[in-house]
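Q: Please find the sequence and the predicted model below.
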Protein chains: 2
Amino acid sequence: MKIYDFKLAPNPRRVRIFLAEKGLKVPLEEIDIMKGVNRQAQFLRINPLGGIPVLELDDGRYLAESVAICRYFEELHPEPALFGKGAFERATIEMWNRRMEFSVFTPIGMVWAHLHELTRTRVKQIPEVGEQQKKVVEMRYRWLDEELGQREFIAGDKYSIADITGMVAIDFAKFNNISIAPEYKHLQRWHQAVSARPSAAA
Amino acid sequence: MKIYDFKLAPNPRRVRIFLAEKGLKVPLEEIDIMKGVNRQAQFLRINPLGGIPVLELDDGRYLAESVAICRYFEELHPEPALFGKGAFERATIEMWNRRMEFSVFTPIGMVWAHLHELTRTRVKQIPEVGEQQKKVVEMRYRWLDEELGQREFIAGDKYSIADITGMVAIDFAKFNNISIAPEYKHLQRWHQAVSARPSAAA
């Protein structure tokens, strides 16, 4: 078993943190996406969409998509339950993980794609999109700050995969020069707490 | 229990089809998003992000996000298993559902947001984004056609939530004047099969 990884990219980091929280170790193989190795024929046979991470099983089967890989490990190693337990808790964590993906991570990813100098040679940038999405991120941080004034973690009183997605997205935003404003004290408090966990360095 | 719904929008349709496949009936309450009812204070107390569908439980709790709502019903009514059974199958269906969301539905949604006349008064459109994303949709349809040449359904030999997401996305694309090209025979075959299921009319 091994994971096709890229140390600097946000999505593989989600899986590494998830495994660290589970106390699991899986060998990693670095795929340099900045050099386009994931767009070459050899890697496209592993994942035709070119995305990383990808989990390769010992029988030669593959699983792509960070959350699908995490769910596979959750099924095999249920504790600690990072997707929750019971119908309502599991659905609530799914809701919050998706909110972190679609409403926080996605606009941050569009700022990266349309404004960052490192993507300039690889995609046709439309800076207006990046500026528009920066404002969306700001609105979402304000909303998240209010939410985190009501409970300890993103999805409730327990750390979950939604915290992993949220932290990785917000750290990726920092890489794109978007910081958490000092007045968002609840969001700051939460970010410091999740960043202090040993898993955050994975 | 009830679901805040909007008959014409793609995401609530995913949940209605899922429930029809399970043989479940849940009362629906129409929220007219074209009139902005989901952006008014009363609805924002139910879902601060304004999205639909939302499931309201009898005890007053809420669940937003289509797939979170579907997962809740899957936990309560496991058969037929639309999220799969066993670690690898469940992870594989998760992978394919996410590919349908991020790689097919998302670019279609951006065509809608940036090109359709019905969104013109509600968002700041950037037509270049819509044109760029139309090309992405075309690439993804070609890829899906190859994939569906290898098996009956999106995620394997059984109908799953990934088929629901894929069909709803592709039907929404039609509403945005994007059709499946006649040469994509496998994609056509699959689309006709899933559309012929009684659930497709839900």
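A: Everything's here; your move. This is a predicted model, so every value here is computed, not measured. Residues are numbered from 1 along each chain as shown, chains lettered A, B, ... in the order given.
Q: Only C-alpha atoms from now on, for both contacts and neighbour counts.
A: Noted.
Q: So which bits of chain A are right by chain B?
A: Counting by C-alpha under 8 Å from any C-alpha of the partner chain, the positions of chain A adjacent to chain B are A:63-65, A:67-69, A:71-73, A:75-76, A:86-88, A:90-92, A:94-95, A:98-99, A:126, A:129.
Q: go again using 6 Å as the cut-off
A: Proximity of chain A to chain B is confined to A:65, A:68, A:72, A:75, A:87, A:91, A:94-95 under the rule C-alpha under 6 Å from any C-alpha of the partner chain.
Q: ok, the residue of chain A most remote from its centre to residue A:30 distance?
A: Distance to the chain centre peaks in chain A at residue A:59, reaching 27.1 Å (criterion: C-alpha atoms, centre = their mean). Plainly put, residue A:59 is 20 Å away from residue A:30 if you go by C-alpha to C-alpha, to the nearest Å.
Q: Go ahead and list the helix or strand containing the residue nearest the centre of chain A.
A: Closest residue to the average C-alpha location of chain A: residue A:165 at 3.9 Å, with C-alpha atoms, centre = their mean. Secondary structure from DSSP states H and E places residue A:165 in helix A:161-175.
Q: Next, count neighbours for the closest residue to residue A:18 other than its chain neighbours.
A: The shortest distance from residue A:18 to any non-neighbouring residue, by C-alpha to C-alpha, 6 or more residues apart in numbering or on different chains, is to residue A:70 (6.7 Å). By other C-alpha atoms under 10 Å in any protein chain shown, the residues close to residue A:70 number 21.
Q: Give me the phi and psi angles of residue A:70.
A: Dihedral angles of residue A:70 (phi, psi; degrees, to the nearest 10) stand at phi -60, psi -40.
Q: So for it, what's the pLDDT?
A: Turning to residue A:70, the model gives it a pLDDT of 98.
Q: I'd like the distance between it and residue A:33.
A: Using C-alpha to C-alpha, residue A:70 is found at 21 Å from residue A:33.
Q: Only C-alpha atoms, please: export the host helix or strand of residue A:146 in CSV.
A: For residue A:146, the host element (DSSP H and E) is helix A:127-148. What follows is helix A:127-148, C-alpha atoms only, in CSV (Å, rounded to 0.1, in the frame of the first residue of the first chain):
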residue,chain,number,x,y,z
PRO,A,127,-7.8,38.0,-12.2
GLU,A,128,-11.3,39.4,-11.8
VAL,A,129,-12.4,35.9,-10.7
GLY,A,130,-9.7,35.8,-8.1
GLU,A,131,-10.6,39.3,-6.7
GLN,A,132,-14.3,38.3,-6.6
GLN,A,133,-13.5,35.1,-4.8
LYS,A,134,-11.3,36.9,-2.2
LYS,A,135,-14.4,38.7,-1.1
VAL,A,136,-16.3,35.4,-0.8
VAL,A,137,-13.5,34.0,1.4
GLU,A,138,-13.7,37.1,3.6
MET,A,139,-17.5,36.6,4.0
ARG,A,140,-17.0,32.9,4.9
TYR,A,141,-14.4,33.7,7.5
ARG,A,142,-16.9,36.1,9.2
TRP,A,143,-19.5,33.4,9.1
LEU,A,144,-17.1,30.7,10.5
ASP,A,145,-16.1,33.1,13.3
GLU,A,146,-19.7,33.3,14.4
GLU,A,147,-20.2,29.6,14.1
LEU,A,148,-17.0,28.9,16.2
